[in-house]
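Novice: Quick one, structure for this:
(chains A and B)
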Amino acid sequence: MATLTDNTAGLLAQFGPHPAYASGTRLETGVEPDRLVKTHCCFCGQQCGIQLKVKDNQVIGFEPWEDFPFNRGMLCPKGVKRYLQGSHPDRLLRALERDTQSVSGFRAIPYDQAIARVATEIQAIQTQHGNDSFGVLTGASLTTEKAYLMGKFARMCLKTQNIDYNGRLCMVSAAAANKKAFGIDRAANPWSDILKAKVVWISGANVAECAPITTNYVWQAREYGAKVIVVDPRITPIARTCDLFLPIKPGRDIALFNGILHLMIENDWLDHQFIEQHTVGFANVAEHVREWTPQKTAVVTGIAEKSIRQAAEWWGEAETSFLLHARGIEHHTHGVQNCLGAINMVLASGRIGREGCGYATITGQGNGQGGREHGQKCDQLPGARDISNPEHREYIAGVWGISPDDLPQAGVDAYEMFRRIDRGEIRGLLTICFNPKVSLPDNSFVTRCLDKLDFYVAIDFFLNETAQHADVVLPGSLHEEDEGVVTQIEGRVIKINKAIDPPGEAKQDWRIIQDIARALGRERGFTFNSPGEIFSELRQASKGGIADYSGITYEKIEQQGGVFWPCPADDHPGTPRLFEPDSWNPIARGTGRFYFPDGKARFNVAPYTPPAEDTDAEYPLMLTTGRVVSQFLSGTQTRRIGPLVDQYPEPLVEMHPQLAARLGVSNGEMVRVKSRRGDITLPAMVVTSIRPDTVFVPYHWPGRKSINQLTISAQDPISKIPEYKVCAVRIEKTQG
Amino acid sequence: MPVPEQNEFFIDPNRCIGCQACVQACSECETHKGFSMIQLDYVDRAHSVQTAPVICMHCDSPTCAEVCPADAIKKTGDGVVQTARKPRCIACNNCVLACPFGVPKMKTDFKLMMKCDMCYDRTSEGLKPMCATVCPSQALFFGTRGEIEALRPRSVPISQFQFGEQRISTKVKIMLPRTGKAEYLDVTEAMDEKVTGKSISLNILDGMYSEAGAE
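Specialist: Here you go, the predicted structure:
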C-alpha cells in the first residue's frame, strides 16, 4: 500500500528538501577543472547552452557557452545555480523499500533485490487484474531517447495502454490546436524570426520569468522598431515595457482573438491571396466572428474597446509579425479553442512561413517538444504517429518486431489515470520525472489515489513528494549523468552531454527500465547499450512520420549547433522554418506547404465559453497560477538549491490594492484563499500589477503551501489539459 | 593585460526583468566566490515590476578611494576600481557611506570592503564579465560602442551623473532614451520622481464582494 509514513519529520530529515549551497571545491578559487562539458540547462524549454565545470566526478560550477546560437552565453538564475543539484545531501544513492519501522519510512535495499520486487509486483498485479491495471507516468524533462523507451516499455514490455506524461499539464492544448490548424505540432519558426517582426503579439506568456532569454529577442525586435502587444491579467516584466498592454480577464482569450479577427475583416486587413490559395474554412470562421464586435469583446474580456481597436490595427496592418503564446491561454477547459483563435489571426494575416513572419507556443519543459513526439503520450506512437491509425501501428510494430495486434490501443490522460486508480482499475504505478502530488490540480484527490495503489514504484534522483508514497524507489540519474537529445522551444534538436557518472548505486534511467524488463523475462527490445543505440532505433521509428528525425545524428547536431526537425535524410540540413513556399512534407506531398493532403491550413471556428468555474457571490474572485523565475515546475530540483530558494522562499498571494483595501489587508499580512476544493494561508503581496478581480499564486510548493489544493481538475475536452489558469476563490484576512 | 579598450560596460535599466541572474552569477566569480557584489532591487514593487541592477560604475575620480583614510582602494591603469587592499583596509566604512551609487559592501567577517571589479579575472583575459554574459535581457551589456549603437538605436549612453553639487563621470555607461537629449543624469532630482509604471486600475471590483464580504 502506497501510503505516506506517519513520521513526516523523519522522512523530511532524511530526504529533504534541504537547500544546498556552494561549499568545498565549489567555493575554492583557482581550481582548474578537469574538463568543461558543453551541454544544456536542465530546466525550461529554451534549453540554453551551458558549459559545466567538472572536477573529480563533481560538477563544481559553470562557464557560459557563448558560441551556442540560441542563448549566446545568456542564462537565468536557475541555469546559473543548477550545478548545485549535484553532490546534494538529498540525493538518492541506493534503492529504497518502504519500511514502517524505519524513522524515515524507508530502508535501503540492494538494487537487484529492488528490481526483483518490482518485477514480482508488476506480474502479480497484471496476472490478477489484467495488463492495463499497471500504469506508467513519465515526464517531458526526460531526454527523447528515454521518452521513446518509456513508450516502448509500457506498450511492448508491460503491454499496458495506461501511459501518459506530465506534458499533459504543459503543451497539449497548443499541440492539439497546431495539429488541427497546420497538421504539425512544432514552433513554426526559429527565434531569429522574432527579431525581424514588426509586431510581436504575446498572449498568456510570462516571458521574462518563464522563458527569460526570449525577453532579449522580443526587446531586440522592439529596438528595431517592432510594436510589442502583451495580453495578460498581470503586468509581468515583459508587459512593463510593451507598447500596448491588454489586461485580459482570465479565461477570455478566445473572445479577444475573435474580436481582433472581426476587426481585421471589417477593415479588410486580410491577405486574401494567402487565404484563398493556402487555407480552407475562412468563410465559416468569418461568419462566426461576426458577432464579436469590439463592444462585445470589450465586455467579455474586460479590456477597453480603444485598446482592442489599437491592437487590431497594429496587428492588421503589420508587414511582418510573430505571435507567441504559452500556458496562460492553454491551461483552460477551452485551451485548444484559445490556441485556434490565435492561429486564425495568424492565418488571416498570411504572415507565416517566411522571414520575420511567425507563430509559436513557448514550450515549458526542457524536452516539452521532443517529449511529446515519440510515444510517451497516451494516444501517440514515435514520429508523432497516431496510435489509432492502423498504418502507423503497423509501421511501429514492425520496428519493434511485434504484431500490430499486440500493440495496446490509446490509453487515457494523466489525470484520468488517477480517476482509474480511484476506481480500482489501475492497481499499480510506475512514475519517472513526474511529481503529480504537487503539480496536478485538486491534489488532495491525487494524494488519496496514491494511497489506494497496491504497489507504486518511483524512479527519481530526489525523493519528490509523490515518491514519498512509493513502495519501492529506484535511484535514477540527473541530467548531467547521461546523454541524449532534447528538442527545444524552436524545434531544434540538441544534445545533452554526460558530465559525470551517477553516484552510489544510482543508475541511468534507461538502464533501470531495461533491468525491470529483464527481471520480467521480457528482455527482447530492451537490450540497448547506450543512448546512442536507442537514438538509432528512434530515428528509424520516426522515419516517414511527421516528426521525422531519421536524418539527425549526434554528430550533425554538434556540427550545426542543433538540427531542426523534420530532417528526413542524411544529407538534409533540417528545417528551421516551417511552411515556406515550395516546402515539401510527407502528408501534402507537394500539393502545398501545410501538413494536410491538400496542403492547406485549416481555419477552425473557435467558440467562446466561460471558464468551467465562474465567479459567484460565494467565490467572487478569480485565482490564476504560474511560475516565478527562480523556481521550476514542482520544485523537486529548485527547492533544493539554496540560492534559488532564498530568491523566492515561499508562495505569496498577489493582489491589487483595491482588493486589499476591500479586505482590510496590508502588504505582508496573512490571508486565507479558499476554493471549493481547499484552502491555503499565505502572505499577501499588494501590487498594482494585477487585475483587481484576480489573484495570482505560484505553484512550485508542496503540502499546505501548494496552490494546487485549490485549483480545479476540469479539463479541456480535446487536450485534457487542466484549467490551472482560472477558478473561483474567496479571500479573507486571517485573525491574529 | 588590460581590459581591451574596445569593450565597454553599458547598463540599460529599462531592460531589467529582475530575474537576478546577474546577482547569482556574480557570486560565481573567482575573486569573490560565494559573495555577490551586485545589488538588484525593485524600484517600488507596490506600483511597478521595474527593477534596477547596481554594479560598480567605476568612476573616473572614485569617491570611495577619495574618502579612504588608509588609501586602500586602487584604480587600475585601465580605469577599474578594485576591492580594498586587504593589508590596508581598516573596515572604517567611509567608502560604503560615501559612494553615491551605494556600491561598496563591508564584509564584517573579513573586515574588508569588497566591491565589483568588473570581473577583472575575466576581462583581463578577454572574457566578458559574468553578469553581462548571462543577463537574459541584456540589461547588462559588455561590448563595443559600435555594437551598442547598432543594438540600441532608441537609446544613448550617458556617463555623467549629478548628485547634488557633485558631478561624477564614470567608466560604466547607462543607457537613456534617445529622446531625452540629457548630457547627464540628475540622480538626486530623479529620486523624487513618482514611479510612472503602467498600472491596472479598473473599477471591476464594484458589485463584487457585497455578499461574500459580509460573512
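Novice: Stretch B:137-150 and chain A in contact?
Specialist: Yes: Stretch B:137-150 reaches chain A (Cβ under 8 Å from any Cβ of the partner chain) through B:S137, B:Q138. C-beta coordinates here come from the backbone N, C-alpha and C atoms, glycine included.
Novice: Quick check: buried residues in that stretch?
Specialist: Of all the residues in stretch B:137-150, those buried under the rule 16 or more other Cβ atoms under 10 Å in any protein chain shown are B:S137, B:Q138, B:A139, B:L140, B:F141, B:F142, B:G143, B:I148.
Novice: Just the CA atoms of the helix or strand of chain B with the lowest mean pLDDT, as CSV, please.
Specialist: Across the helices and strands of chain B, the lowest-confidence element by mean pLDDT, DSSP states H and E is helix B:187-190, at a mean of 83. Extracted in CSV, the C-alpha atoms of helix B:187-190 (Å, rounded to 0.1, in the frame of the first residue of the first chain):
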residue,chain,number,x,y,z
VAL,B,187,20.1,61.3,-9.8
THR,B,188,19.1,63.4,-6.8
GLU,B,189,16.3,65.0,-8.7
ALA,B,190,15.2,61.7,-10.1
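Novice: who's in contact with it?
Specialist: B:P100, B:F161, B:Q162, B:F163, B:G164 (Cβ atoms under 8 Å, 6 or more residues apart in numbering or on different chains).
Novice: count of neighbours near residue 18?
Specialist: Reading this off chain A. 16 (other Cβ atoms under 10 Å in any protein chain shown).
Novice: Switch to chain B, please.
Specialist: 23.
Novice: for the spatially most central residue of chain B, what are its contacts?
Specialist: Nearest to the mean C-alpha position of chain B, by Cα atoms, centre = their mean, lies B:V54 at 2.1 Å. Residues near B:V54 by Cβ under 8 Å, 6+ apart: B:I38, B:Q39, B:L40, B:D41, B:F101, B:G102, B:V103.
Novice: repeat that for 6 Å
Specialist: B:Q39 (Cβ atoms under 6 Å, 6 or more residues apart in numbering or on different chains).
Novice: Could you pick out the residues of the stretch 251-400 of chain A near chain B for me?
Specialist: Residues of the stretch 251-400 of chain A found near chain B (Cβ under 6 Å from any Cβ of the partner chain): none.
Novice: Residue of the stretch 251-400 of chain A closest to chain B, please.
Specialist: Nearest residue of the stretch 251-400 of chain A to chain B (Cβ to the nearest Cβ) works out as A:G302 at 6.3 Å.
Novice: ok, and for the longest strand anywhere in chain B, which residues are buried?
Specialist: Ranked by number of residues, the top strand in chain B under DSSP state E is strand B:166-177. Residues of strand B:166-177 classed as buried: B:I168, B:T170, B:K171, B:V172, B:K173, B:I174, B:M175, B:L176 (neighbour count, 16+ other Cβ under 10 Å).
Novice: Flag every residue of chain A that's near chain B.
Specialist: A:22, A:27, A:29, A:61, A:64, A:73-77, A:80-81, A:208, A:212-213, A:215-216, A:219, A:223, A:235, A:237, A:240, A:245, A:247, A:617-618, A:620, A:629, A:643, A:647, A:658, A:662, A:687-689, A:691-693, A:730.
Novice: which ones are touching residue 172?
Specialist: Going with chain A. Here A:V172 is in contact with A:S719, A:I721 (criterion: Cβ under 6 Å, 6+ apart).
Novice: Chain B, not that one
Specialist: B:V172 neighbours (Cβ under 6 Å, 6+ apart): B:F9, B:M57, B:H58.
Novice: Over to A:F455?
Specialist: A:F455 neighbours (Cβ under 6 Å, 6+ apart): A:E121, A:G428, A:D471.
Novice: Of those residues, which belong to helices?
Specialist: A:E121 (DSSP state H).
Novice: can the contacts of A:F455 go into CSV with extra columns for neighbour count?
Specialist: Shown next, in CSV, are the contacts of A:F455 (neighbours: other Cβ atoms under 10 Å in any protein chain shown):
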residue, neighbour count
A:E121, 19
A:G428, 26
A:D471, 23
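Novice: Check the contacts of A:F455 against A:G45 and report the nearest one.
Specialist: A:G428 (31.4 Å; Cβ to Cβ).
Novice: so what's that closest one bridging to?
Specialist: Taking DSSP bridges, one finds A:F134, A:F455 as the beta-bridge partners of A:G428.
Novice: from what I can see it touches A:A124, true?
Specialist: No: here A:G428 lies out of contact with A:A124, judged by Cβ atoms under 6 Å, at a distance of 8.6 Å.
Novice: in the chain, which ranges drop under the pLDDT threshold?
Specialist: Picking chain A for this. Scanning chain A with the threshold set as pLDDT under 70 gives A:1-2, A:736.
Novice: switch to chain B, that's the one I care about
Specialist: For chain B, the ranges with pLDDT under 70 are B:1-5, B:195-215.
Novice: Which stretches in it count as strands?
Specialist: Counting by DSSP E, chain B has strands at residues B:8-11, B:39-42, B:51-54, B:105-107, B:112-114, B:140-143, B:155-163, B:166-177, B:185-186.
Novice: And the helices in chain B, which stretches?
Specialist: Going by DSSP H, chain B shows helices at B:21-26, B:63-66, B:94-98, B:120-123, B:130-134, B:145-151, B:187-190.
Novice: Which elements pack onto the first one?
Specialist: Spelled out, it's helix B:21-26. helix A:77-81, helix B:130-134 (3 or more Cβ pairs under 6 Å, 6 or more residues apart in numbering or on different chains; DSSP states H and E).
Novice: how far does that helix sit from the chain's center?
Specialist: Mean-position distance between helix B:21-26 and its chain equals 12 Å (Cα atoms, centre = their mean, to the nearest Å).
Novice: cool, and the last one?
Specialist: Helix B:187-190 has its C-alpha centroid displaced from the chain centroid by 16 Å (Cα atoms, centre = their mean).
Novice: Same question for the third one.
Specialist: Mean C-alpha position of helix B:94-98 versus that of the full chain (Cα atoms, centre = their mean) differs by 16 Å.
Novice: Outside of it itself, list whatever touches it.
Specialist: Outside helix B:94-98, the residues touching it (Cβ under 6 Å, 6+ apart) are B:T63, B:C64, B:V67, B:C68, B:P104, B:M106, B:M113.
Novice: can you do 8 Å?
Specialist: Identification of contacts with helix B:94-98 by Cβ under 8 Å, 6+ apart yields B:63-69, B:73, B:84, B:104-106, B:113.
Novice: Go through that helix and flag the buried ones.
Specialist: So helix B:94-98, judged by 16+ other Cβ under 10 Å, has buried residues B:N94, B:C95, B:V96.
Novice: Excluding sequence neighbours, find me the nearest residue to A:E121.
Specialist: A:F455 (4.2 Å; Cβ to Cβ, 6 or more residues apart in numbering or on different chains).
Novice: Now do the helices for the stretch 201-350 of chain A: every range, in order, please.
Specialist: A:207-210, A:214-223, A:237-240, A:253-266, A:272-278, A:282-289, A:294-301, A:305-317, A:327-330, A:335-349 (DSSP state H, counting those that start in this stretch).
Novice: Which of the ones you listed sits closest to A:I229?
Specialist: Taking those one by one with Cβ to Cβ, helix A:305-317 is closest: 5.3 Å.
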